[in-house]
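>>> Turn this into a structure:
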Amino acid sequence: MAGRIEDYALIGDLETAALVGKDGAIDWMCLPRFDSPACFAALLGGEDNGRWRIAPAEAASRRCDHRAYRGDTLILDTVWKAADGAVRVTDFMPPRQGVPRLVRLVEGLAGQVEMRGELRLRFLNGQVVPWTRGVDPHTVTAVAGPDAVLVRCDAIPKSDNDEACFSLSNSCIHSRFTLSAGQRRAFVLDWSPSHMPPNPRGDTIELLAGTQEFWQQWTAKCTYQGPWRDTVLRSLITLKALIYAPTGGMVAAVTTSLPECLGGERNWDYRFCWLRDSTFTLSCLLRTGYRDEAVAWRNWLVRAVAGQPDDLQPLYGVSGQRRLPEKPAGWLDGYEGSRPVRFGNAAADQLQLDVYGEVLNTIYSAVRAGIPIDHHMWSVVASLMDHLERHWREPDVGLWEVRGPPRHFVHSRIMSWVAADRALRMARIAGLRSSAERWRGMRQAIHDEVCREGWDAEQHSFVQAYGSRDIDASALLLPKLGFLPPDDPRVHGTLSAVARTLGDHGYLHRYTDGGREGAFLVCSLWFADALRATGRREEADAVFERVLDARNDVGLLSEEWDPVAHRQLGNTPHSFSHVGLVNTAFALHGTRSEARRRQV
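Residues are numbered from 1 along each chain as shown. Purely as a prediction, here's the structure:
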């Protein structure tokens, strides 16, 4: 049975990732990319859908005694204390050079410990049992269709009389060995296309040293020096691990179908890139010193949206692909019975008008940061605005991708206002003065309409959609987006209504009927930002600290949090949660710095 969502730690090679549980099992990994079929899918089914566990033989189902990332890296150390000794398993994936490689280094720390490993490879999302055979006493291969995996076991240092590492039975690769203090064994899993030769063999210790050096050099670039530096740095490492290095696109999470409500149907595939995250992601990367990643993300965005403006999608694949057909996986029982399990995401075909504002806001943010914009990009701005001028009054499905009849969502209107506002700000730079008067009129018309149709005087708050009384946490972004100043009474009224209506043990749900799911973590971070903007600094700090309490033991956040059961919910680790964490840490620390300067 899969562990709790918060039981999993992330390792990755900047093109795909794996989740390692506290019991020493890798229950989720897609090869060769984030959006490829999984070869370990026990997270969404059972062990026969693919997993790889290495742990002391006496700890058949026990969790580890301790685990942590090795400094500011994505190298995971897991420690067990057994009756006769102690052992450490170090899991990592070297940054990609060719094809993916997963390394599990087992080291005796004290006494003598008998270890047991079980490796069940199941290709095509846990569905296909590969043809498995031994190559020699220390090497096995598994092949099915386009996928081939080679697994090696090496004693370190090597010995002429090493015992055989593997035995095969019931479509499972078994390993059993004993380690004394100071002894090590390395297990290396290499994937390759089945028609190609496997990866060249590498020295495990050199791979470990190179991986550690890569992450140490990368984290040294971080410019954040505030009170939550370790927390911010862990979030940045997580975000780096979610970026598909060849294109710069950032996936929302490495998983699919982890439920927003245990046993429910809100189980979606998040292994894709959402435009709605683009502005906050760019800001997060730029303000922390990661300009290269910010430029790569902007470039991915520009390539993804190329084409006709009426074809703009809410999300795309890591390479910018548009077709992401959604299909159920009936052979998987779902996480804790949460069905259906889905691969692909039909939200790619939805009309979400807010994405036009997100794209234009991202381009504007890039211009402000000095990232060059070529002539083609200015024509994209004009094209998107021409389309939005004609269609901003239409209903859509909104930010939360509601699968129901289109409505006039307030957030979509506000983001259309953002599009017009940012286009106006860029008009002088881009030489688009001839369009500026139209855009100014559009901006004013949207503002007037939202303040008239989206405001509920009785609740003293903006609502989710025209004609609705539902409250939506996206209204917390009003001051951040510049739609209203922080001291506007309507902002203060909306903050109060959101806290009163959506609050749950100090966290926030997304909207009024969201009580069936967990609290949406980024909404609590937006609340902290809005509190800070309106001068309620101590309250903002308290909200932020509560979000930090929702992290797991290695600093990871999922999409949602159950504040009653104290469990993470939704796909993990969630990029929007970690982007929000970093941006809020900057907002709160910046306020403190300004206060100290005023005192001096």
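>>> Please count neighbours and contacts with C-alpha atoms only from this point.
Will do.
>>> need the strands for the stretch 251-400 of the chain, in chain order.
Per DSSP state E, counting those that start in this stretch, the stretch 251-400 of the chain carries strands over the ranges 273-274, 315-316, 327-328, 342-343.
>>> so which of these is the most packed in?
Most buried of the strands of the stretch 251-400 of the chain by mean neighbour count (mean count of other Cα atoms under 10 Å) is strand 315-316; its value is a mean of 27.
>>> Against which helices or strands is that strand packed?
Helices and strands touching strand 315-316, by 3 or more Cα pairs under 8 Å, 6 or more residues apart in numbering; DSSP states H and E, are strand 273-274.
>>> Check which helices and strands the strand it packs on sits against.
Short answer (3+ Cα pairs under 8 Å, 6+ apart): strand 273-274 packs on strand 315-316.
>>> How many residues are close by residue 148?
The number of residues packed near residue 148 is 22, by other Cα atoms under 10 Å.
>>> correct me, but residue 14 touches residue 237?
No: Residue 14 is beyond contact range of residue 237, at 10.6 Å (criterion: Cα atoms under 8 Å).
>>> Low-confidence regions, the stretch 501-600 of the chain specifically.
Low-confidence regions of the stretch 501-600 of the chain, defined here as pLDDT under 70, cover residues 514-515, 590-600.
>>> quick revisit: more crowded one of residue 14 and residue 237?
Neighbours per residue, other Cα under 10 Å: of residue 14 and residue 237, the larger number sits with residue 14, 22 against 17.
>>> Could you look up the SS state of that one?
coil (DSSP: H, G, I helix; E, B strand; the rest coil).
>>> Does residue 480 touch residue 528 like I think?
No: in this structure, residue 480 is not within contact of residue 528 by Cα under 8 Å, at 11.4 Å.
>>> For those two, work out which one has more neighbours and name it.
Of the pair residue 480 and residue 528, residue 528 is the one with more neighbours under other Cα under 10 Å, namely 28 against 15.
>>> Got phi/psi on the nearest residue to that one once chain neighbours are set aside?
On the basis of Cα to Cα, 6 or more residues apart in numbering, the spatially nearest residue to residue 528 that is not a chain neighbour turns out to be residue 540, at 4.3 Å. Main-chain dihedrals, residue 540, degrees, to the nearest 10: phi -60, psi -40.
>>> ok, residue 540 - contacts?
527, 528, 529, 530, 531, 532, 588 (Cα atoms under 8 Å, 6 or more residues apart in numbering).
>>> Around the closest residue in space to residue 117 that isn't next to it in sequence, how many other residues sit close by?
The shortest distance from residue 117 to any non-neighbouring residue, by Cα to Cα, 6+ apart, is to residue 54 (4.4 Å). The local packing count at residue 54 equals 23, with neighbours defined by other Cα under 10 Å.
>>> what do you get for residue 375?
Using other Cα under 10 Å, residue 375 has 9 neighbouring residues.
>>> Point out where the stretch 151-300 of the chain drops to low pLDDT.
For the stretch 151-300 of the chain, residues meeting the criterion pLDDT under 70 lie at 159-164.
>>> And the helices in it?
When assigned using DSSP state H, counting those that start in this stretch, the helices of the stretch 151-300 of the chain occupy the ranges 204-219, 229-241, 278-287, 291-304.
>>> now do the chain
In chain order, the chain shows helices spanning 123-126, 204-219, 229-241, 278-287, 291-304, 354-368, 375-391, 410-430, 433-453, 478-481, 489-502, 521-533, 537-549, 575-599, with DSSP state H as the criterion.
>>> Those: which one's closest to residue 115?
With Cα to Cα as the measure, helix 204-219 is the member of the helices of the chain nearest residue 115 (19.4 Å).
>>> Tell me the buried residues in the closest one?
Counting neighbours by 16 or more other Cα atoms under 10 Å, one finds that the buried residues in helix 204-219 are 204, 207, 208, 211, 212, 215, 219.
>>> Let's have these in TSV, adding distance to residue 37.
Formatted as TSV, the entries for the buried residues of helix 204-219 read as follows, by distance: Cα to Cα, whole Å:
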residue	distance to residue 37
204	27
207	26
208	27
211	25
212	28
215	27
219	30
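>>> how about the residues you listed, which pair is most distant?
Greatest spatial distance among the buried residues of helix 204-219 (Cα to Cα): 204 and 219, at 22.8 Å.
>>> Just give the nearest non-adjacent residue to residue 267, would you?
residue 257 (4.0 Å).
>>> so who does the one you found touch?
When the contact criterion is Cα under 8 Å, 6+ apart, the partners of residue 257 are 44, 266-270, 334-335, 340-343, 570-571.
>>> Which strands and helices lie in contact with the strand ranked longest in the chain?
Longest among the strand segments of the chain by residue count, using DSSP state E, is strand 101-120. In terms of contacts (3+ Cα pairs under 8 Å, 6+ apart), strand 101-120 is packed against strand 51-56, strand 85-92, strand 172-180, strand 184-193.
>>> What residues sit buried inside the third one?
Same thing as strand 172-180. Neighbour counts over strand 172-180 (16+ other Cα under 10 Å) mark 172, 173, 174, 175, 176, 177, 179, 180 as buried.
>>> The residues you listed into TSV, with extra columns for distance to residue 33?
Written out in TSV, the entries for the buried residues of strand 172-180 read as follows (distance: Cα to Cα, whole Å):
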residue	distance to residue 33
172	24
173	24
174	26
175	27
176	30
177	32
179	34
180	37
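>>> Could you report the neighbour count for the closest residue to residue 263 other than its chain neighbours?
Nearest in space to residue 263, with sequence neighbours left out and distances taken as Cα to Cα, 6+ apart, is residue 338 at 4.0 Å. Taking other Cα under 10 Å as the neighbour definition, residue 338 ends up with a count of 21.
>>> Check the one 3 residues further on too.
Residue neighbour count, defined by other Cα under 10 Å, stands at 26 for residue 341.
>>> Equivalent analysis for residue 394, please.
Look at residue 394: counted by other Cα under 10 Å, it has 15 neighbours.
>>> Kindly report the same for residue 392.
21.
>>> Need the pLDDT of it.
The confidence metric pLDDT takes the value 97 at residue 392.
>>> Hmm, residue 415 and it touching each other?
No: checked against Cα under 8 Å, the pair residue 392 and residue 415 is beyond contact range at 9.6 Å.
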